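S.K.: output the structure for:
(one chain, ligands or ions: 1)
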Amino acid sequence: NNIPPTIIYIFGGSGDLAQRKLIPALFNLHLDGYLPERVAVIGIGRSELADTAFRTHLRKGVQAHSRRKEALKTHWNKFARNITYSRHDLGQDKAYKDMAAEIAALEKGWKEPANVIYYLSVAPNLAPVIVKKLHKAKLASDPKRHRMVFEKPFGHDLESARELNALLRTLFAEEQIYRIDHFLGKETVQNLLALRFANTLFEPVWNSNYIDYVQITASETVSVGNRGAYYESSGALRDMVQNHVLQMLCMIAMEAPISFAADEIRNKKLDVLQAVRRIEPGDVHQHAVRGQYGPGWLQGNKVPGYRQEKDVAPQSGVETFAALRLFVDTWRWKGVPFYVRTGKCLAEKETVITIQFKPAPDFAFPEEASHTWRPNRLTIAIAPTMDIRLRFQAKQPGPHMTLRPVDMRFDYAPDGDEDSQPEAYETLLEDVIEGNPTLFMRADQVEAAWKVIAPVMAVWASKPPVDFPNYAPGTWGPEDAEALIARDGFHWATLP
Ligand code: BG6
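M.R.: Presented below is the predicted three-dimensional model:
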(Lines give C-alpha, C1' and ligand atoms only; values in the text may rest on other atoms or scores of the structure.)
Protein backbone atom coordinates (compact mmCIF):
# COMPACT_ATOMS: atom_id res chain seq x y z
CA ASN A 1 0.00 0.00 0.00
CA ASN A 2 1.13 3.56 -0.53
CA ILE A 3 0.17 5.13 2.79
CA PRO A 4 2.94 7.51 3.90
CA PRO A 5 5.09 6.40 6.84
CA THR A 6 3.16 6.90 10.05
CA ILE A 7 3.98 7.33 13.71
CA ILE A 8 1.20 6.57 16.15
CA TYR A 9 1.68 7.88 19.68
CA ILE A 10 -0.67 6.42 22.23
CA PHE A 11 -0.79 8.71 25.25
CA GLY A 12 -1.96 6.49 28.06
CA GLY A 13 -0.24 3.59 26.31
CA SER A 14 -0.03 1.33 29.34
CA GLY A 15 -3.75 1.77 30.02
CA ASP A 16 -6.75 -0.41 29.50
CA LEU A 17 -7.94 0.94 26.15
CA ALA A 18 -4.62 0.36 24.42
CA GLN A 19 -4.47 -3.22 25.60
CA ARG A 20 -8.11 -4.13 25.01
CA LYS A 21 -9.01 -2.17 21.90
CA LEU A 22 -6.32 -0.14 20.17
CA ILE A 23 -3.55 -2.69 19.81
CA PRO A 24 -5.89 -5.57 18.89
CA ALA A 25 -7.36 -3.25 16.23
CA LEU A 26 -3.94 -2.24 14.89
CA PHE A 27 -2.90 -5.89 14.85
CA ASN A 28 -5.92 -6.74 12.67
CA LEU A 29 -5.12 -3.85 10.35
CA HIS A 30 -1.60 -5.21 10.10
CA LEU A 31 -2.94 -8.66 9.23
CA ASP A 32 -5.19 -7.23 6.53
CA GLY A 33 -2.44 -5.10 5.01
CA TYR A 34 -4.02 -1.78 5.97
CA LEU A 35 -1.13 -0.48 8.05
CA PRO A 36 1.54 1.60 6.35
CA GLU A 37 4.69 -0.37 5.48
CA ARG A 38 6.69 1.99 7.61
CA VAL A 39 4.96 2.45 10.91
CA ALA A 40 5.97 3.11 14.51
CA VAL A 41 3.55 2.62 17.39
CA ILE A 42 4.82 4.32 20.51
CA GLY A 43 3.11 3.93 23.87
CA ILE A 44 3.61 6.77 26.32
CA GLY A 45 2.81 6.35 29.99
CA ARG A 46 3.93 7.31 33.46
CA SER A 47 5.06 3.91 34.61
CA GLU A 48 8.48 2.45 33.92
CA LEU A 49 8.24 -0.31 31.33
CA ALA A 50 10.79 -1.88 29.00
CA ASP A 51 9.79 -2.33 25.34
CA THR A 52 9.76 -6.08 25.75
CA ALA A 53 7.53 -5.97 28.83
CA PHE A 54 5.22 -3.55 27.04
CA ARG A 55 4.94 -5.89 24.04
CA THR A 56 4.22 -8.85 26.30
CA HIS A 57 1.49 -6.85 28.06
CA LEU A 58 -0.06 -5.95 24.70
CA ARG A 59 0.21 -9.49 23.38
CA LYS A 60 -1.86 -10.61 26.36
CA GLY A 61 -4.48 -8.06 25.35
CA VAL A 62 -4.66 -9.48 21.84
CA GLN A 63 -4.80 -12.99 23.27
CA ALA A 64 -7.72 -12.03 25.49
CA HIS A 65 -9.68 -9.60 23.32
CA SER A 66 -8.88 -10.08 19.66
CA ARG A 67 -10.98 -11.94 17.12
CA ARG A 68 -7.74 -13.03 15.40
CA LYS A 69 -5.73 -14.51 18.27
CA GLU A 70 -4.79 -17.53 16.16
CA ALA A 71 -2.59 -15.22 14.07
CA LEU A 72 -0.47 -14.32 17.09
CA LYS A 73 1.94 -17.18 16.57
CA THR A 74 2.68 -16.40 12.97
CA HIS A 75 2.35 -12.63 12.75
CA TRP A 76 2.83 -11.04 16.15
CA ASN A 77 6.59 -10.66 16.08
CA LYS A 78 6.65 -8.87 12.76
CA PHE A 79 3.95 -6.49 14.02
CA ALA A 80 5.38 -6.01 17.50
CA ARG A 81 8.84 -5.01 16.42
CA ASN A 82 7.35 -1.65 15.40
CA ILE A 83 6.03 -1.07 18.92
CA THR A 84 8.02 0.73 21.60
CA TYR A 85 7.29 2.34 24.92
CA SER A 86 8.55 5.54 26.53
CA ARG A 87 7.97 6.79 30.02
CA HIS A 88 7.08 10.47 30.09
CA ASP A 89 5.33 13.04 32.21
CA LEU A 90 3.12 14.70 29.61
CA GLY A 91 2.91 17.80 31.77
CA GLN A 92 6.63 18.47 31.23
CA ASP A 93 8.25 20.08 28.17
CA LYS A 94 10.93 17.43 28.15
CA ALA A 95 8.47 14.81 26.92
CA TYR A 96 7.79 16.84 23.79
CA LYS A 97 11.47 17.58 23.15
CA ASP A 98 12.17 13.87 23.26
CA MET A 99 9.27 13.13 20.93
CA ALA A 100 10.52 15.75 18.45
CA ALA A 101 13.93 14.07 18.41
CA GLU A 102 12.33 10.68 18.04
CA ILE A 103 10.15 11.79 15.12
CA ALA A 104 13.16 13.39 13.41
CA ALA A 105 15.19 10.21 13.81
CA LEU A 106 12.42 8.03 12.37
CA GLU A 107 11.91 10.38 9.44
CA LYS A 108 15.63 10.39 8.78
CA GLY A 109 15.63 6.61 8.64
CA TRP A 110 12.58 6.57 6.36
CA LYS A 111 13.99 9.43 4.28
CA GLU A 112 10.53 10.97 4.17
CA PRO A 113 8.34 13.13 6.40
CA ALA A 114 5.93 10.98 8.42
CA ASN A 115 2.29 11.41 9.31
CA VAL A 116 2.02 11.61 13.08
CA ILE A 117 -1.08 10.61 15.04
CA TYR A 118 -1.42 11.52 18.70
CA TYR A 119 -4.01 9.34 20.37
CA LEU A 120 -5.15 10.86 23.65
CA SER A 121 -6.32 7.98 25.80
CA VAL A 122 -5.88 10.01 28.98
CA ALA A 123 -7.97 11.63 31.72
CA PRO A 124 -9.99 14.51 30.18
CA ASN A 125 -8.31 17.16 32.35
CA LEU A 126 -4.96 16.30 30.76
CA ALA A 127 -6.18 17.02 27.23
CA PRO A 128 -5.76 20.84 27.35
CA VAL A 129 -2.28 20.50 28.83
CA ILE A 130 -1.18 18.06 26.14
CA VAL A 131 -2.54 20.00 23.19
CA LYS A 132 -0.94 23.23 24.37
CA LYS A 133 2.41 21.52 24.72
CA LEU A 134 2.11 19.79 21.34
CA HIS A 135 1.45 23.16 19.81
CA LYS A 136 4.28 24.90 21.62
CA ALA A 137 6.72 22.20 20.54
CA LYS A 138 5.40 22.51 16.93
CA LEU A 139 4.69 18.81 16.90
CA ALA A 140 1.31 19.22 15.22
CA SER A 141 1.98 22.15 12.93
CA ASP A 142 1.06 20.54 9.61
CA PRO A 143 -2.72 20.03 9.22
CA LYS A 144 -2.16 17.53 6.43
CA ARG A 145 0.21 15.27 8.37
CA HIS A 146 -0.51 15.74 12.07
CA ARG A 147 -3.69 14.42 13.65
CA MET A 148 -5.03 14.18 17.17
CA VAL A 149 -7.55 11.65 18.36
CA PHE A 150 -9.69 12.41 21.40
CA GLU A 151 -11.37 9.66 23.34
CA LYS A 152 -14.67 10.47 24.96
CA PRO A 153 -15.77 12.09 27.16
CA PHE A 154 -15.10 15.21 25.12
CA GLY A 155 -15.59 17.75 27.89
CA HIS A 156 -17.62 17.22 31.02
CA ASP A 157 -20.56 19.38 29.98
CA LEU A 158 -21.46 21.96 27.36
CA GLU A 159 -19.27 24.61 28.96
CA SER A 160 -16.10 22.53 29.15
CA ALA A 161 -16.62 21.04 25.67
CA ARG A 162 -16.93 24.58 24.31
CA GLU A 163 -13.76 25.60 26.10
CA LEU A 164 -11.80 22.65 24.76
CA ASN A 165 -13.13 23.22 21.24
CA ALA A 166 -12.23 26.91 21.46
CA LEU A 167 -8.73 26.04 22.58
CA LEU A 168 -8.30 23.52 19.76
CA ARG A 169 -9.55 26.08 17.25
CA THR A 170 -6.90 28.57 18.26
CA LEU A 171 -4.12 25.98 18.00
CA PHE A 172 -5.05 23.65 15.13
CA ALA A 173 -7.22 23.17 12.07
CA GLU A 174 -10.51 21.26 12.56
CA GLU A 175 -9.34 18.67 9.99
CA GLN A 176 -6.64 17.59 12.45
CA ILE A 177 -9.08 16.78 15.21
CA TYR A 178 -10.66 13.33 15.46
CA ARG A 179 -13.24 13.08 18.24
CA ILE A 180 -13.99 9.41 18.57
CA ASP A 181 -17.37 7.88 19.20
CA HIS A 182 -16.61 4.21 18.78
CA PHE A 183 -20.24 3.28 18.10
CA LEU A 184 -19.92 5.05 14.75
CA GLY A 185 -17.27 2.54 13.75
CA LYS A 186 -19.56 -0.44 14.34
CA GLU A 187 -20.51 -2.18 11.10
CA THR A 188 -24.15 -2.33 12.08
CA VAL A 189 -24.28 1.40 12.82
CA GLN A 190 -22.66 2.27 9.50
CA ASN A 191 -25.13 -0.03 7.82
CA LEU A 192 -27.96 2.28 8.91
CA LEU A 193 -26.97 4.56 6.04
CA ALA A 194 -27.11 1.65 3.59
CA LEU A 195 -30.42 0.42 4.93
CA ARG A 196 -32.03 3.82 4.73
CA PHE A 197 -30.55 5.36 1.63
CA ALA A 198 -29.66 2.47 -0.67
CA ASN A 199 -33.17 1.04 -0.65
CA THR A 200 -36.43 2.25 -2.11
CA LEU A 201 -38.65 0.43 0.31
CA PHE A 202 -37.99 2.03 3.66
CA GLU A 203 -37.52 5.70 2.98
CA PRO A 204 -41.07 6.49 1.78
CA VAL A 205 -42.50 5.25 5.09
CA TRP A 206 -39.70 6.66 7.24
CA ASN A 207 -41.67 9.51 8.78
CA SER A 208 -44.42 10.51 11.16
CA ASN A 209 -47.15 9.44 8.75
CA TYR A 210 -46.18 5.80 9.17
CA ILE A 211 -44.02 5.51 12.27
CA ASP A 212 -45.53 5.37 15.75
CA TYR A 213 -42.28 5.54 17.70
CA VAL A 214 -38.57 4.85 17.68
CA GLN A 215 -36.78 3.16 20.54
CA ILE A 216 -33.09 2.86 21.20
CA THR A 217 -31.89 0.53 23.94
CA ALA A 218 -28.21 0.27 24.83
CA SER A 219 -28.28 -2.00 27.83
CA GLU A 220 -25.33 -3.67 29.50
CA THR A 221 -25.04 -6.45 32.02
CA VAL A 222 -21.65 -5.33 33.30
CA SER A 223 -21.45 -3.34 36.49
CA VAL A 224 -19.29 -0.29 36.92
CA GLY A 225 -16.65 -2.61 38.38
CA ASN A 226 -13.26 -0.98 38.70
CA ARG A 227 -14.32 2.12 36.74
CA GLY A 228 -15.90 3.76 39.81
CA ALA A 229 -13.58 6.77 39.85
CA TYR A 230 -14.38 7.62 36.23
CA TYR A 231 -18.06 6.79 36.55
CA GLU A 232 -18.58 8.99 39.61
CA SER A 233 -17.75 12.01 37.45
CA SER A 234 -19.84 10.70 34.59
CA GLY A 235 -23.04 8.70 35.04
CA ALA A 236 -25.11 7.04 32.34
CA LEU A 237 -26.24 10.25 30.63
CA ARG A 238 -22.73 11.49 30.03
CA ASP A 239 -21.18 8.08 29.47
CA MET A 240 -23.62 6.72 26.90
CA VAL A 241 -26.44 9.08 25.95
CA GLN A 242 -24.51 12.25 25.09
CA ASN A 243 -22.47 10.31 22.57
CA HIS A 244 -23.39 6.78 21.46
CA VAL A 245 -27.16 6.91 21.88
CA LEU A 246 -27.63 10.34 20.34
CA GLN A 247 -25.39 9.39 17.42
CA MET A 248 -27.58 6.38 16.68
CA LEU A 249 -30.62 8.64 16.93
CA CYS A 250 -29.01 10.93 14.35
CA MET A 251 -28.48 8.05 11.94
CA ILE A 252 -32.15 7.09 12.23
CA ALA A 253 -33.52 10.61 12.02
CA MET A 254 -31.20 12.38 9.55
CA GLU A 255 -32.25 13.47 6.07
CA ALA A 256 -30.61 11.88 3.03
CA PRO A 257 -27.12 13.22 2.40
CA ILE A 258 -26.40 14.57 -1.09
CA SER A 259 -22.94 12.96 -0.99
CA PHE A 260 -20.72 10.96 1.29
CA ALA A 261 -18.39 13.89 1.92
CA ALA A 262 -17.46 14.04 5.59
CA ASP A 263 -19.03 17.42 6.20
CA GLU A 264 -22.21 16.62 4.31
CA ILE A 265 -23.00 13.65 6.54
CA ARG A 266 -22.01 15.55 9.63
CA ASN A 267 -24.18 18.52 8.64
CA LYS A 268 -27.19 16.27 8.27
CA LYS A 269 -26.60 14.76 11.70
CA LEU A 270 -26.11 18.16 13.25
CA ASP A 271 -29.51 19.20 11.90
CA VAL A 272 -31.06 16.37 13.90
CA LEU A 273 -29.37 17.32 17.16
CA GLN A 274 -30.39 20.91 16.69
CA ALA A 275 -33.98 19.84 16.09
CA VAL A 276 -34.28 17.79 19.27
CA ARG A 277 -36.90 19.58 21.32
CA ARG A 278 -35.44 21.23 24.39
CA ILE A 279 -36.69 19.70 27.61
CA GLU A 280 -37.74 22.53 29.92
CA PRO A 281 -36.40 22.18 33.47
CA GLY A 282 -39.95 22.00 34.84
CA ASP A 283 -40.75 19.07 32.51
CA VAL A 284 -37.67 16.94 33.12
CA HIS A 285 -39.60 14.53 35.33
CA GLN A 286 -42.00 13.82 32.47
CA HIS A 287 -39.26 13.12 29.96
CA ALA A 288 -36.41 11.58 31.90
CA VAL A 289 -35.93 8.75 34.38
CA ARG A 290 -32.78 7.93 36.27
CA GLY A 291 -31.81 4.85 38.19
CA GLN A 292 -29.04 3.27 40.19
CA TYR A 293 -28.52 -0.43 40.85
CA GLY A 294 -28.49 -1.82 44.32
CA PRO A 295 -26.80 -5.04 45.45
CA GLY A 296 -28.13 -8.33 44.14
CA TRP A 297 -27.58 -11.22 41.78
CA LEU A 298 -26.65 -11.12 38.16
CA GLN A 299 -26.35 -14.20 35.98
CA GLY A 300 -25.72 -16.36 39.01
CA ASN A 301 -23.14 -14.05 40.57
CA LYS A 302 -23.53 -11.89 43.61
CA VAL A 303 -22.88 -8.24 42.72
CA PRO A 304 -22.41 -5.26 45.00
CA GLY A 305 -24.65 -2.22 44.63
CA TYR A 306 -23.24 0.80 42.82
CA ARG A 307 -22.68 2.57 46.14
CA GLN A 308 -20.55 -0.33 47.33
CA GLU A 309 -18.27 -0.33 44.26
CA LYS A 310 -14.65 0.70 44.60
CA ASP A 311 -14.07 4.49 44.49
CA VAL A 312 -17.80 5.24 44.71
CA ALA A 313 -19.24 7.51 47.41
CA PRO A 314 -21.47 5.60 49.89
CA GLN A 315 -24.34 8.05 49.24
CA SER A 316 -23.60 8.59 45.57
CA GLY A 317 -26.41 10.10 43.52
CA VAL A 318 -24.81 9.18 40.19
CA GLU A 319 -27.17 7.42 37.80
CA THR A 320 -26.28 4.05 36.32
CA PHE A 321 -29.47 4.03 34.26
CA ALA A 322 -31.09 6.74 32.17
CA ALA A 323 -34.16 6.80 29.97
CA LEU A 324 -35.38 9.77 27.95
CA ARG A 325 -38.41 10.61 25.85
CA LEU A 326 -37.29 12.90 23.07
CA PHE A 327 -38.88 14.58 20.08
CA VAL A 328 -37.18 15.66 16.89
CA ASP A 329 -39.03 18.70 15.68
CA THR A 330 -38.59 18.41 11.94
CA TRP A 331 -41.15 18.03 9.15
CA ARG A 332 -40.34 14.31 9.00
CA TRP A 333 -40.60 13.52 12.69
CA LYS A 334 -43.19 15.88 14.11
CA GLY A 335 -44.91 14.15 17.04
CA VAL A 336 -42.97 10.86 16.91
CA PRO A 337 -41.50 9.98 20.30
CA PHE A 338 -37.95 8.68 20.45
CA TYR A 339 -37.54 6.63 23.63
CA VAL A 340 -33.96 5.90 24.59
CA ARG A 341 -32.55 3.99 27.54
CA THR A 342 -29.20 2.76 28.73
CA GLY A 343 -27.78 1.32 31.91
CA LYS A 344 -25.40 -0.99 33.71
CA CYS A 345 -26.29 -4.27 35.43
CA LEU A 346 -29.39 -4.75 33.34
CA ALA A 347 -31.01 -7.98 32.22
CA GLU A 348 -29.26 -8.27 28.84
CA LYS A 349 -26.38 -6.81 26.92
CA GLU A 350 -28.05 -5.51 23.80
CA THR A 351 -28.00 -2.46 21.63
CA VAL A 352 -31.17 -2.42 19.60
CA ILE A 353 -33.11 0.10 17.58
CA THR A 354 -36.82 -0.53 17.22
CA ILE A 355 -39.02 1.25 14.74
CA GLN A 356 -42.69 0.63 15.18
CA PHE A 357 -45.08 1.41 12.38
CA LYS A 358 -48.66 2.55 12.70
CA PRO A 359 -51.55 0.12 12.35
CA ALA A 360 -52.89 -0.55 8.86
CA PRO A 361 -55.50 2.09 8.03
CA ASP A 362 -58.44 -0.23 7.77
CA PHE A 363 -58.71 -3.47 9.65
CA ALA A 364 -61.40 -5.42 7.81
CA PHE A 365 -60.34 -8.78 9.20
CA PRO A 366 -62.68 -10.74 11.44
CA GLU A 367 -62.56 -9.93 15.13
CA GLU A 368 -60.62 -13.09 15.99
CA ALA A 369 -57.79 -12.01 13.65
CA SER A 370 -57.11 -8.96 15.77
CA HIS A 371 -56.07 -10.99 18.83
CA THR A 372 -52.77 -12.02 17.35
CA TRP A 373 -52.21 -9.01 15.14
CA ARG A 374 -49.06 -6.95 15.85
CA PRO A 375 -47.95 -3.71 14.22
CA ASN A 376 -45.15 -3.82 11.64
CA ARG A 377 -41.85 -3.41 13.31
CA LEU A 378 -38.30 -3.04 12.10
CA THR A 379 -35.79 -4.23 14.68
CA ILE A 380 -32.17 -3.37 14.09
CA ALA A 381 -29.85 -5.28 16.41
CA ILE A 382 -26.54 -3.45 16.61
CA ALA A 383 -24.58 -5.57 19.09
CA PRO A 384 -23.80 -8.21 20.25
CA THR A 385 -26.60 -9.68 18.10
CA MET A 386 -26.18 -8.26 14.63
CA ASP A 387 -29.26 -8.56 12.50
CA ILE A 388 -32.26 -6.77 11.07
CA ARG A 389 -35.78 -8.13 11.40
CA LEU A 390 -38.91 -6.92 9.74
CA ARG A 391 -42.09 -8.06 11.40
CA PHE A 392 -45.22 -8.35 9.29
CA GLN A 393 -48.49 -10.27 9.34
CA ALA A 394 -49.07 -13.60 7.73
CA LYS A 395 -52.14 -15.72 7.64
CA GLN A 396 -52.19 -18.47 10.19
CA PRO A 397 -52.40 -21.72 8.21
CA GLY A 398 -55.83 -23.26 8.69
CA PRO A 399 -59.48 -22.84 7.79
CA HIS A 400 -59.98 -19.43 9.46
CA MET A 401 -58.69 -16.00 8.63
CA THR A 402 -56.44 -15.50 11.58
CA LEU A 403 -53.14 -13.67 11.59
CA ARG A 404 -49.73 -14.21 13.08
CA PRO A 405 -46.71 -11.96 13.11
CA VAL A 406 -43.63 -13.34 11.30
CA ASP A 407 -40.13 -12.01 10.79
CA MET A 408 -38.00 -11.51 7.73
CA ARG A 409 -34.48 -11.55 8.98
CA PHE A 410 -31.08 -10.49 7.70
CA ASP A 411 -28.19 -11.85 9.71
CA TYR A 412 -24.77 -10.23 9.54
CA ALA A 413 -23.03 -13.28 10.81
CA PRO A 414 -25.05 -16.22 9.52
CA ASP A 415 -22.83 -18.75 11.26
CA GLY A 416 -23.29 -17.00 14.56
CA ASP A 417 -19.71 -15.86 14.12
CA GLU A 418 -19.94 -12.22 15.14
CA ASP A 419 -16.17 -12.26 15.47
CA SER A 420 -15.73 -12.28 11.72
CA GLN A 421 -16.82 -8.65 11.56
CA PRO A 422 -14.25 -5.85 11.76
CA GLU A 423 -14.29 -4.16 15.11
CA ALA A 424 -15.26 -0.53 15.53
CA TYR A 425 -11.76 0.55 16.48
CA GLU A 426 -10.30 -1.08 13.38
CA THR A 427 -12.48 0.97 11.08
CA LEU A 428 -11.88 4.15 13.02
CA LEU A 429 -8.11 3.79 13.31
CA GLU A 430 -7.86 3.05 9.63
CA ASP A 431 -9.85 6.22 8.94
CA VAL A 432 -7.48 8.27 11.10
CA ILE A 433 -4.46 6.77 9.34
CA GLU A 434 -5.98 7.60 5.96
CA GLY A 435 -7.21 11.01 7.09
CA ASN A 436 -10.93 10.43 6.68
CA PRO A 437 -12.98 12.21 9.38
CA THR A 438 -16.49 11.20 8.24
CA LEU A 439 -17.14 8.91 11.20
CA PHE A 440 -15.77 11.33 13.77
CA MET A 441 -17.56 14.03 15.67
CA ARG A 442 -17.17 17.64 14.63
CA ALA A 443 -16.95 20.36 17.29
CA ASP A 444 -20.48 21.61 16.64
CA GLN A 445 -21.95 18.09 16.86
CA VAL A 446 -20.39 17.47 20.25
CA GLU A 447 -21.70 20.75 21.57
CA ALA A 448 -25.18 20.20 20.15
CA ALA A 449 -25.29 16.78 21.84
CA TRP A 450 -24.32 18.29 25.19
CA LYS A 451 -27.14 20.83 24.72
CA VAL A 452 -29.69 18.03 24.38
CA ILE A 453 -28.90 16.54 27.77
CA ALA A 454 -27.91 19.75 29.57
CA PRO A 455 -31.33 20.52 31.09
CA VAL A 456 -31.69 16.98 32.40
CA MET A 457 -28.17 17.03 33.83
CA ALA A 458 -28.85 20.37 35.53
CA VAL A 459 -32.13 19.28 37.13
CA TRP A 460 -30.70 15.94 38.28
CA ALA A 461 -27.64 17.64 39.75
CA SER A 462 -29.80 20.10 41.68
CA LYS A 463 -32.17 17.45 43.07
CA PRO A 464 -30.37 14.55 44.70
CA PRO A 465 -32.33 11.36 44.07
CA VAL A 466 -34.27 10.18 47.11
CA ASP A 467 -35.03 6.66 45.93
CA PHE A 468 -31.55 5.36 44.99
CA PRO A 469 -30.80 2.50 44.65
CA ASN A 470 -34.01 1.91 42.70
CA TYR A 471 -33.37 -1.17 40.61
CA ALA A 472 -32.00 -4.63 41.15
CA PRO A 473 -29.26 -6.08 38.99
CA GLY A 474 -30.58 -8.27 36.20
CA THR A 475 -33.78 -6.26 35.69
CA TRP A 476 -34.64 -3.69 33.03
CA GLY A 477 -34.10 -0.74 35.37
CA PRO A 478 -36.40 1.29 37.61
CA GLU A 479 -40.16 0.94 37.36
CA ASP A 480 -40.48 4.59 36.42
CA ALA A 481 -38.80 3.78 33.11
CA GLU A 482 -41.74 1.59 32.20
CA ALA A 483 -44.13 4.32 33.28
CA LEU A 484 -42.34 6.85 31.05
CA ILE A 485 -43.36 4.95 27.95
CA ALA A 486 -46.57 3.32 29.23
CA ARG A 487 -48.11 6.79 29.53
CA ASP A 488 -48.05 6.93 25.73
CA GLY A 489 -49.57 3.47 25.51
CA PHE A 490 -46.34 1.65 24.53
CA HIS A 491 -43.83 -0.74 26.07
CA TRP A 492 -40.10 -1.10 25.90
CA ALA A 493 -39.10 -3.62 23.27
CA THR A 494 -36.48 -6.29 23.84
CA LEU A 495 -35.01 -8.69 21.33
CA PRO A 496 -37.29 -11.70 21.09
C1 BG6 B 1 -18.09 3.19 26.44
C2 BG6 B 1 -18.60 3.49 27.82
O3 BG6 B 1 -18.00 4.35 25.69
O4 BG6 B 1 -18.95 2.27 25.81
C5 BG6 B 1 -18.74 2.22 28.63
O6 BG6 B 1 -17.72 4.39 28.48
C7 BG6 B 1 -19.55 1.20 27.88
O8 BG6 B 1 -19.32 2.50 29.89
C9 BG6 B 1 -19.04 1.03 26.46
O10 BG6 B 1 -19.46 -0.03 28.59
C11 BG6 B 1 -19.95 0.13 25.66
O12 BG6 B 1 -19.37 -0.14 24.42
P13 BG6 B 1 -19.60 -1.51 23.67
O14 BG6 B 1 -19.01 -1.30 22.32
O15 BG6 B 1 -18.90 -2.55 24.48
O16 BG6 B 1 -21.09 -1.72 23.65
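S.K.: relative to V241, how far out is the residue nearest the centre of the chain?
M.R.: With distances taken as Cα atoms, centre = their mean, the residue of the chain nearest its centroid is F183 (3.2 Å). Using Cβ to Cβ, to the nearest Å, we find F183 at a distance of 12 Å from V241. The C-beta positions use only the backbone N, C-alpha and C, and glycine is treated the same way.
S.K.: ditto for R277
M.R.: 15 Å.
S.K.: repeat for V352
M.R.: 15 Å.
S.K.: first-to-last residue distance for stretch 363-378?
M.R.: 21 Å (Cα to Cα, to the nearest Å).
S.K.: please enumerate the strands of the stretch 151-300 of the chain.
M.R.: Per DSSP state E, counting those that start in this stretch, the stretch 151-300 of the chain carries strands over the ranges 177-179, 211-219, 288-291, 296-298.
S.K.: for the ligand, which of those is the nearest?
M.R.: strand 211-219 (6.9 Å; Cβ to the nearest ligand atom).
S.K.: name the residues of the stretch 251-400 of the chain found near the ligand, please.
M.R.: A383 (Cβ under 6 Å from any ligand atom).
S.K.: and D431, how many neighbours does it have?
M.R.: For D431, the count of nearby residues is 19 (other Cβ atoms under 10 Å).
S.K.: that should have said S234, apologies.
M.R.: S234 has 20 neighbours, counted by other Cβ under 10 Å.
S.K.: pull the contacting residues for it.
M.R.: If you count contacts by Cβ atoms under 8 Å, 6 or more residues apart in numbering, S234 has them with 153, 318.
S.K.: the one 3 residues further on too?
M.R.: Shown in contact with L237 (Cβ under 8 Å, 6+ apart): 290, 319, 322, 453, 456-457, 460.
S.K.: what strand or helix carries M408?
M.R.: Secondary structure from DSSP states H and E places M408 in strand 403-411.
S.K.: neighbouring contacts of that strand?
M.R.: The contact list for strand 403-411, computed with Cβ under 8 Å, 6+ apart, reads 365, 369-370, 372-374, 386-396.
S.K.: let's see that with 6 Å instead.
M.R.: 369, 372-374, 387-391, 393-394, 396 (Cβ atoms under 6 Å, 6 or more residues apart in numbering).
S.K.: filter those down to the ones in strands?
M.R.: Residues of the contacts of strand 403-411 located in strands (DSSP state E): 387-391, 393-394.
S.K.: list just the nearest of those residues to the ligand.
M.R.: Nearest to the ligand among the ones in strands among the contacts of strand 403-411: D387, at 16.2 Å, using Cβ to the nearest ligand atom.
S.K.: nearest spatial neighbour of that closest one, chain-adjacent residues omitted?
M.R.: D411 (4.6 Å; Cβ to Cβ, 6 or more residues apart in numbering).
S.K.: could you report the pLDDT at the one you found?
M.R.: pLDDT, D411: 92.
S.K.: go on, the one 10 residues further on?
M.R.: Turning to Q421, the model gives it a pLDDT of 79.
S.K.: what of D142?
M.R.: On the pLDDT scale, D142 gets 97.
S.K.: tell me the secondary structure at it.
M.R.: coil (DSSP: H, G, I helix; E, B strand; the rest coil).
S.K.: same check, this time on the one 5 residues further on
M.R.: Three-state call for R147 (three-state DSSP): strand.
S.K.: what's the burial count for it?
M.R.: That count, for R147 with other Cβ under 10 Å as the rule, works out to 24.
S.K.: likewise R46?
M.R.: 13.
S.K.: and if you look at W297?
M.R.: Going by other Cβ under 10 Å, the residues that sit close to W297 add up to 11.
S.K.: helices of the stretch 1-150 of the chain, start to end?
M.R.: Remark: helices assigned in the stretch 1-150 of the chain by DSSP state H, counting those that start in this stretch are 16-17, 23-31, 51-65, 72-80, 93-110, 127-136.
S.K.: and these, which one's lowest on average pLDDT?
M.R.: helix 16-17 (a mean of 92).
S.K.: and that one, is it in reach of the ligand?
M.R.: No: using Cβ under 6 Å from any ligand atom, helix 16-17 never reaches the ligand; the gap is at least 9.8 Å.
S.K.: poorly predicted segments of this protein, please.
M.R.: 414-419 (pLDDT under 70).
S.K.: check which residues of the longest helix seen in it are buried.
M.R.: Across the chain, the helix with the greatest residue count (assigned by DSSP state H) is helix 443-462. Going by neighbour count (16 or more other Cβ atoms under 10 Å), the buried part of helix 443-462 is 443, 445-457, 459-460.
S.K.: that helix near the ligand anywhere?
M.R.: No: judged by Cβ under 6 Å from any ligand atom, helix 443-462 makes no contact with the ligand; its nearest approach is 13.5 Å.
S.K.: which SSE is immediately downstream of that helix?
M.R.: helix 479-486.
S.K.: what residues does stretch 444-456 touch?
M.R.: 154, 158, 161-162, 179, 237, 241-242, 246, 270, 273-274, 276, 279, 281, 284, 288.
S.K.: roughly how far does the residue of the chain found nearest the ligand sit from Q247?
M.R.: Per Cβ to the nearest ligand atom, D239 is where the chain lies closest to the ligand, at 4.7 Å. Look at D239 and Q247: by Cβ to Cβ, they are 14 Å apart.
S.K.: those two: which has the busier surroundings?
M.R.: More neighbours surround D239 than the other of D239 and Q247, with 23 against 20 (other Cβ under 10 Å).
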